[in-house]
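>>> quick one, fold the following:
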Amino acid sequence: MLLRNHTRTRALGTVAFAPVTALMLFGAAHAEPQAQPQPAPLPLSVQPSAPEHAPAPTPQPAVAPQASQGSSVAAPAPKKSREAPALVYAKVSEDPTPTLTPATFLATMRMADHYKALAEAGGWSQVPTGLSLKPGDRDPAVAALRGHLVMTGDLAANATHSDLYDETLVAAVKSFQARHGLPESGLVQRLTVAALNVPASVRQRQLAASAERLMGSKFPFGERYVVVNIPSATVEAVENGAVARRYVAVVGKPDKATPSVETRVTDVNLNPTWTLPVSVIKNEIIPTMRKNPGYLAKNHIRMLGPGGVEVDSTTFDWSGEKAVNYTLRQDSGFDNSLGQVRIDMPNKFAVYMHDTPSKSLFAGNVRFHSHGCVRVGQVKEFAAWLLQGTEGPNGPGSAWGPIEIESGIATGEKRDIKLVKPVPVIFVYLTGYATPDGRAHFRDDIYGLDTPGTPVPSAATDVVTTGSITPRAVIKPARAGQPVPSTADLAPAVQPITRSKPAAAPAPKPEAARQAPVARAVPRPASREPDLLPPGLVGPRG
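Model (predicted):
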């Protein structure tokens, strides 16, 4: 039997078929397009630096090989990709030197004295506002550029003097750009020119005001801690004196300023819910619900009355402001305002770090958009760093790595993971600071705190104590304008400033915190919101 089949198969290969028969046998096979293998997604560190929502190239329809005439087999339509666009993050410095160390205060004081001497000696020359240089260019303004960079230590004093924008000068410009939080392109263009033309006296004021804000701090530096420099809009995970990883962040806008905080990270929350602050309910939810009664339901926000009893928001009377007496809580999920991860850090301002569904904001150089909390790019990686040493989901010997965190989120269940050892965290406002290597760094004074007499922006209108542990005392940001002692007047151990504070109320539970806002005076906002500038620039605040 097998032999007969084999013989028949061989014979079939020698038969001459009519053209129509051949088409019926082979046409369909040739008309089916071959599936092309999709390339693996690039790691985030090497993805192109384009805006997250930049228009993607228009996909070209797949052209299938044409079937022979007379074939009735149609080529299948190409499938539309459902893959989410790749995330892109703004490039941040890879310098391992932390923004804040135990030596930062004294180093910044000494640098303020140095810049005071520069200012008193006349400072540096301005460069033309329209200056644009690329490597190899010649321009008479290069002389002023060289003089500036020599004064600031970016260029050696014995460097060649000419009007050529050579490789040595390009390297010095990149050093200047790094110190000012600007893209290290080596090109002299608008943003770099604006930073170059900030007077030495303004830079000295930034250093002095930042040092003043650090006075009295009792931050417990240790082997592992977290620094959020608000003007830089970055989060630094510091380990053994070096930055293990620096993350892009989004911080508070000028009228919803992120406050200065010193506390500890105690928990990581997966699939968190979000309890809306009173200010959001009053200023945003109530006006919206009057126009669109289905808004809360559409955004998965529940309205809870006394005892946690859910209230039908579509039939609630929104004509007044009774809603501020209710709890509005958004369910966990991908579209939750806190994203999929929240970093809990008890403090009296009820601010924290968290994920966000609005990840496109991480691609910008200007990242001052939040209501006061700090949104962290690549927050799951940051959470894994915080959870080092904490027992993982599979019991003793397991850990919370990126895969375990993703698996925990995939369950859809809210989960609170307590750190085995709380990690100190500090939110600081440093527009000018010095590092132990003798370099001065500058960022834009986005909140206007360096200018004497400027009203302090409201950090959060719902200032309450939250969390399960007693928060550490928070030093209020100092206002510029008071004389700062010189380094010669400093004792070896800086004594904290004594500040009178009203007695603090008992700390309510986190979910009940919204119902007990602390009354406080809120300054009237300026008639026009200050122009947002990239970190490193100091502009008008009119």
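>>> just the mean pLDDT for the lengthiest helix in the chain, thanks.
Counting residues, the longest helix in the chain under DSSP state H turns out to be helix 104-120. For helix 104-120, mean pLDDT is 96.
>>> who's in contact with the closest residue to residue 96 other than its chain neighbours?
Ranked by Cβ to Cβ, 6 or more residues apart in numbering and with sequence neighbours excluded, the top spatial neighbour of residue 96 is residue 242, at 4.3 Å. C-beta coordinates here come from the backbone N, C-alpha and C atoms, glycine included. The neighbours of residue 242, taking Cβ atoms under 8 Å, 6 or more residues apart in numbering as the test, are 96-98.
>>> in the longest helix of the chain, what's buried?
Within helix 104-120, the residues scored as buried using 16 or more other Cβ atoms under 10 Å are 104-112, 114-116, 118-119.
>>> what does stretch 222-236 give?
224-236.
>>> swap in stretch 331-351?
Quick answer for stretch 331-351 (16+ other Cβ under 10 Å): 332, 336-351.
>>> and stretch 365-380, by the same measure?
So, applying 16+ other Cβ under 10 Å, buried residues of stretch 365-380: 365-380.
>>> if you look at the residues you listed, which of them are in helices?
Among these, the members found in helices (DSSP H) are 379-380.
>>> which of the buried residues of stretch 365-380 sits closest to residue 319?
Of all the buried residues of stretch 365-380, residue 371 has the smallest distance to residue 319: 25.4 Å, by Cβ to Cβ.
>>> check the gap between that closest one and residue 242 for me.
Distance, residue 371 to residue 242, using Cβ to Cβ, to the nearest Å: 32 Å.
>>> swap in residue 334?
Distance of residue 334 to residue 242, given as Cβ to Cβ: 34 Å.
>>> residue 281 now?
From residue 281 to residue 242 the distance is 43 Å (Cβ to Cβ).
>>> do the same with residue 266
Distance of residue 266 to residue 242, computed by Cβ to Cβ: 24 Å.
>>> quick one: buried residues of the longest strand along the chain?
Counting residues, the longest strand found in the chain (DSSP state E) is strand 415-428. For strand 415-428, the neighbour count (16+ other Cβ under 10 Å) marks 417, 419, 422-428 as buried.
>>> any chance of these in CSV, plus distance to residue 272 and pLDDT?
Shown next, in CSV, are those (distance: Cβ to Cβ, whole Å; pLDDT from 0 to 100):
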residue, distance to residue 272, pLDDT
417, 11, 95
419, 16, 96
422, 18, 96
423, 18, 97
424, 22, 97
425, 17, 97
426, 22, 97
427, 20, 97
428, 25, 97
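>>> which of those residues lies closest to residue 285?
Distances from residue 285 to the buried residues of strand 415-428, taken by Cβ to Cβ, are shortest for residue 427, at 26.7 Å.
>>> pretty sure the closest one contacts residue 232?
No: here residue 427 does not reach residue 232: they are 11.3 Å apart, not a contact under Cβ atoms under 8 Å.
>>> between the two ends of stretch 158-166, how far is it?
Stretch 158-166 has an end-to-end distance of 15 Å (criterion: Cα to Cα, to the nearest Å).
>>> over to stretch 428-442?
Length of stretch 428-442, first residue to last, Cα to Cα: 14 Å.
>>> which is the next helix or strand following the longest helix of the chain?
Per DSSP states H and E, the first helix or strand lying C-terminal to helix 104-120 is helix 142-151.
>>> ok and the helix or strand just after that following helix relative to helix 142-151, angle-wise?
The first helix or strand that comes after helix 142-151 along the chain, using DSSP H and E, is helix 167-179. Put simply, helix 167-179 runs at 60 degrees to helix 142-151, going by axes from the mean of the first three to the mean of the last three Cα atoms, to 10 degrees.
>>> elements contacting helix 167-179?
Here helix 167-179 touches helix 142-151, helix 190-196, strand 440-442, going by 3 or more Cβ pairs under 8 Å, 6 or more residues apart in numbering; DSSP states H and E.
>>> just the ones you listed: most buried one?
Scoring these by mean neighbour count under mean count of other Cβ atoms under 10 Å gives strand 440-442 as the most buried, with a mean of 25.
>>> direction included, what does that strand pair up with?
Using DSSP bridges, strand 440-442 pairs in its sheet with strand 432-434 (antiparallel).
>>> got a list of contacts for the strand it pairs with?
Strand 432-434 is contacted by residues 99-100, 104, 107-108, 110-112, 203, 206-210, 440-443 when judged by Cβ under 8 Å, 6+ apart.
>>> pLDDT value on the nearest residue to residue 383 once chain neighbours are set aside, please?
Spatially, and ignoring its direct neighbours in sequence, residue 383 is nearest to residue 268 (4.9 Å; Cβ to Cβ, 6+ apart). At residue 268 the predicted local confidence, pLDDT, stands at 96.
>>> does residue 268 lie in a helix or a strand, and which?
strand 261-270.
>>> how about residue 250?
Using DSSP H and E, residue 250 sits in strand 242-252.
>>> restricted to strands, list the buried residues of stretch 222-236.
Among the buried residues of stretch 222-236, the ones falling in strands (DSSP E) are 224-229, 234-236.
>>> which of those residues sits closest to residue 320?
The closest of those, once distances to residue 320 are taken by Cβ to Cβ, is residue 228, at 38.2 Å.
>>> partner residues bridging that closest one?
Residues in beta-bridge contact with residue 228 (DSSP bridges): residue 235, residue 427.
>>> and the gap between it and residue 362?
Distance, residue 228 to residue 362, by Cβ to Cβ: 15 Å.
>>> and for residue 329?
26 Å.
>>> and residue 107, by the same measure?
As judged by Cβ to Cβ, residue 107 and residue 362 stand 30 Å apart.
>>> mind telling me what element residue 289 is part of?
Residue 289 belongs to helix 286-291 when assigned by DSSP H and E.
>>> mind listing what's buried in that helix?
By 16+ other Cβ under 10 Å, the buried positions in helix 286-291 come out as 286, 289.
>>> how about that helix as PDB, C-alpha atoms only?
Extracted in PDB, the C-alpha atoms of helix 286-291 (Å, rounded to 0.1, in the frame of the first residue of the first chain):
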ATOM      1  CA  ILE A 286     -18.600  70.700  41.500                       C
ATOM      2  CA  PRO A 287     -18.500  73.000  38.500                       C
ATOM      3  CA  THR A 288     -18.000  70.000  36.200                       C
ATOM      4  CA  MET A 289     -20.900  68.000  37.700                       C
ATOM      5  CA  ARG A 290     -23.300  70.900  37.200                       C
ATOM      6  CA  LYS A 291     -22.600  70.700  33.500                       C
END
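>>> tell me what it is packed against?
Helix 286-291 is packed against helix 295-298, with contacts defined by 3+ Cβ pairs under 8 Å, 6+ apart.
>>> for the helix it packs on, packing partners?
For helix 295-298, the packing partners by 3+ Cβ pairs under 8 Å, 6+ apart come out as helix 286-291.
>>> contacts for the helix it packs on next, please.
Contacts with helix 286-291, where a contact means Cβ under 8 Å, 6+ apart, come from 295-296, 313, 316, 318-319, 321, 323.
>>> emit the PyMOL select command for whichever of these are buried.
Typed into PyMOL, the line below selects the buried ones among these, using 16+ other Cβ under 10 Å:
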select buried, resi 295+296+313+316+318+323
